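> fold the following.
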Amino acid sequence: MLRNRLSILTLATPVIRRAFLASGILLLFAAEAATSRESASTSDSPGLQESVLRVETQDGPLEPGLSVVNHRGFAAVPSRELTRLGWNVSESEEGAVIRWQGGPPAVELRIGDPFLSWGGDGVQLAEAPYRAGGRVYLPVQFFVDVLPWKLPELFQYEMDTRTLLMRDPEVPASFYTDPVRVVVIDPGHGGRDPGARGRGGTDEKDVALAIGRELALVLEDVPDLEVYLTRDSDTLIPIWKRGELATRWKGDHPGVFVSIHANSLPSSVPDFRSTRGFETYFLSEARTDHERRVAALENAAQEYESVDQRLSSDPDLSFILSELRNLDHQHWSALLAGLVQDELGDIHPGPNRGVKQGPLAVITNALMPAVLVEVGFLTNSEEERLLTQETFQENTAAALGAAILDFFVRYPTGAGSARGRGFMR
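Sure, this is the predicted structure:
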């Protein structure tokens with residue numbers, strides 16, 4: 001199993017390999033800092049060592065160079081030093097948001113998390129950003145490896161002279177706003193897979209399709225928005241195929257994946273008939289029995305698929321793949337889930353059961369912010385009747401649409417022109 005995991009990491013993660021290779025750069029700077037002058041001790045960083053990252057601009061050397069410190073055994077630079085290179089930096093207790101010349105959000109990082117978001121794309125650092133003395137620090141790798149990699153038209157790094165070369169700071173093409181946004185709507189279940197079934201005979205697949213179609217209608221006239229349905233009829237789409245379709249349709253544009261479902265509880269659960277309300281999931285490990293139960297229920301859709309339609313059921317393989325593919329989207333998915341819950345709270349009579357998480361197969365391989373929405377409990381007779389009402393389905397679709405549009409206001413724009421094909425509205 002260890003050999004398999006190493007093979008997966010080797011084949012599937014060029015970004016992670018870059019981080020390991022870049023660790024050599026950090027060690028070089030750490031060694032240089034250790035031989036440089038020792039600065040005055042501070043209350044939270046005794047024995048701090050300092051060095052300098054040389055920067056060559058169009059007008060000559062940047063004086064002084066960027067300050068490089070060694071708090072924690074690796075070379076780091078205060079994020080505020082980026083302002084000297086033309087960036088706007090907004091720090092908080094959680095991390096920092098860095099914008100090129102005050103433009104759209106470009107880079108978002110969190111304290112203690114080696115993954116940062118660069119225009120919605122994940123980048124892994126060899127070391128995590130940290131806070132010391134009221135400042136946010138980035139590993140020097142960000143300056144000498146990530147900047148030249150992501151912005152080659154602006155930055156180059158000369159290893160021999162250990163100098164960061166900075167060209168004329170015009171807005172790089174890779175930061176131009178991409179006006180196209182993509183929404184992939186996934187009505188759960190379908191065909192011979194009915195999903196959950198209420199006591200009154202209501203099938204989850206029918207509720208999900210009705211709301212999904214309404215949501216497509218809500219969004220179809222929004223400018224620069226491409227809307228796709230994984231299914232627009234009573235047909236079975238393999239559970240793993242849905243995320244693959246979504247990823248292809250999204251292409252290089254900013255996009256989201258919203259899977260629509262209706263909840264249920266087994267009769268063995270206390271108060272299973274009286275439980276009601278709405279909840280939204282994002283991909284992560286389940287924390288409670290309820291989250292595990294919902295994940296198992298939704299993942300059971302694979303029983304209706306042929307063997308060749310299923311992904312490997314190896315739990316370790318699935319976990320590794322989901323971690324590698326989705327970690328950079330996880331916090332965005334959590335934000336989208338929260339916005340969905342807030343909007344549904346304005347139109348849904350049931351209790352707001354909150355944002356939840358679980359290893360849900362349908363959103364595992366959707367390489368974008370993705371959520372699964374449970375719009376109500378079919379095992380509650382009153383809520384079952386509610387889920388079949390056209391007015392409720394329209395209101396639910398309107399709430400989901402509002403949450404998606406609010407999310408895109410906050411989500412970093414990307415670049416590219418890849419287009420997909422599907423049931424586009």
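> hey, let's count contacts and neighbours off CA atoms from now on
Noted.
> how is the chain divided into domains?
Following automatic domain parsing, one gets these domains for the chain: 12-175, 181-424.
> is it fair to say Ala96 lies in a strand?
Yes. Counting by DSSP: H, G, I helix; E, B strand; the rest coil, Ala96 is part of a strand.
> can you tell me the SS state at the residue nearest the centre of the chain?
Nearest to the mean C-alpha position of the chain, by Cα atoms, centre = their mean, lies His329 at 1.2 Å. Look at His329: counting by three-state DSSP, its state is helix.
> excluding sequence neighbours, find me the nearest residue to it.
Excluding its sequence neighbours, the residue lying closest to His329 (Cα to Cα, 6 or more residues apart in numbering) is Pro369, at 5.3 Å.
> how distant is stretch 201-211 from the center of its chain?
28 Å (Cα atoms, centre = their mean, to the nearest Å).
> could I get that stretch in PDB with only the CA atoms?
Extracted in PDB, the C-alpha atoms of stretch 201-211 (Å, rounded to 0.1, in the frame of the first residue of the first chain):
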ATOM      1  CA  GLY A 201     -44.200   7.700  -2.800                       C
ATOM      2  CA  THR A 202     -42.000  10.700  -3.600                       C
ATOM      3  CA  ASP A 203     -38.700   9.800  -5.100                       C
ATOM      4  CA  GLU A 204     -35.600  11.900  -4.400                       C
ATOM      5  CA  LYS A 205     -34.600  11.800  -8.100                       C
ATOM      6  CA  ASP A 206     -37.800  13.600  -9.100                       C
ATOM      7  CA  VAL A 207     -37.400  16.400  -6.500                       C
ATOM      8  CA  ALA A 208     -33.700  16.900  -7.400                       C
ATOM      9  CA  LEU A 209     -34.500  17.100 -11.100                       C
ATOM     10  CA  ALA A 210     -37.300  19.600 -10.700                       C
ATOM     11  CA  ILE A 211     -35.200  21.900  -8.600                       C
END
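> so what touches that stretch?
Stretch 201-211 has contacts (Cα atoms under 8 Å, 6 or more residues apart in numbering) with 187-190, 193-197, 231-234, 260-263, 378, 384, 387-388, 393-394, 396-397.
> shaky segments in the stretch 151-300 of the chain?
Applying pLDDT under 70 to the stretch 151-300 of the chain flags residues 168-178, 298-300.
> where do the helices sit along it?
For the stretch 151-300 of the chain, the helices defined by DSSP state H, counting those that start in this stretch cover 204-219, 239-250, 289-299.
> how far does the longest one sit from the chain's center?
Average the C-alpha atoms of helix 204-219, do the same for its chain, and the two points are 24 Å apart (Cα atoms, centre = their mean).
> and for the second one?
For helix 239-250, the separation from the chain centroid amounts to 15 Å (computed by Cα atoms, centre = their mean).
> now do that helix and helix 289-299, the angle between them.
Per axes from the mean of the first three to the mean of the last three Cα atoms, to 10 degrees, the angle that helix 239-250 makes with helix 289-299 is 80 degrees.
> only alpha carbons, please: show helix 239-250 as CSV.
What follows is helix 239-250, C-alpha atoms only, in CSV (Å, rounded to 0.1, in the frame of the first residue of the first chain):
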residue,chain,number,x,y,z
ILE,A,239,-21.8,8.9,-9.9
TRP,A,240,-18.1,9.3,-10.8
LYS,A,241,-18.9,10.5,-14.3
ARG,A,242,-20.7,13.6,-12.9
GLY,A,243,-17.6,15.2,-11.5
GLU,A,244,-15.6,14.3,-14.6
LEU,A,245,-18.2,16.0,-16.8
ALA,A,246,-18.2,19.1,-14.5
THR,A,247,-14.4,19.4,-14.7
ARG,A,248,-14.4,19.1,-18.5
TRP,A,249,-17.2,21.7,-18.9
LYS,A,250,-15.6,24.1,-16.6
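> packing partners of that helix?
Counting contacts by 3 or more Cα pairs under 8 Å, 6 or more residues apart in numbering; DSSP states H and E, helix 239-250 is packed against strand 181-187, helix 361-364.
> quick one, grab the pLDDT at Pro148.
Pro148 is assigned a pLDDT of 88 by the prediction.
> give me the number of neighbouring residues for it.
Burial of Pro148 is recorded as 18 neighbouring residues (other Cα atoms under 10 Å).
> check which helix or strand it maps to.
In the assignment (DSSP states H and E), Pro148 maps to helix 147-150.
> buried residues, that helix. List them.
Neighbour-count burial for helix 147-150 flags Leu147, Pro148 (criterion: 16 or more other Cα atoms under 10 Å).
> which helices and strands does that helix pack with?
Under the contact rule (3+ Cα pairs under 8 Å, 6+ apart), helix 147-150 is packed against strand 155-158.
> one more pass at 10 Å, please.
Counting contacts by 3 or more Cα pairs under 10 Å, 6 or more residues apart in numbering; DSSP states H and E, helix 147-150 packs against strand 155-158, strand 163-166.
> could you dump these to JSON lines with mean neighbour count?
Converted to JSON lines, those look like this (neighbours: other Cα atoms under 10 Å):
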{"stretch": "strand 155-158", "mean neighbour count": "18"}
{"stretch": "strand 163-166", "mean neighbour count": "21"}
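> of those, which is nearest Ala216?
Closest to Ala216 of these is strand 155-158 (Cα to Cα; 42.4 Å).
> what residues sit buried inside stretch 77-91?
The neighbour-count check on stretch 77-91 (16+ other Cα under 10 Å) flags Val77, Pro78, Ser79, Arg80, Glu81, Leu82, Leu85, Trp87, Asn88, Val89, Glu91 as buried.
> then stretch 253-270?
Within stretch 253-270, the residues scored as buried using 16+ other Cα under 10 Å are 253-265.
> avg pLDDT for the one helix or strand Phe407 maps to?
Assessed by DSSP H and E, Phe407 sits inside helix 390-410. What helix 390-410 shows for mean pLDDT is 95.
> angle of that helix against helix 204-219?
60 degrees.
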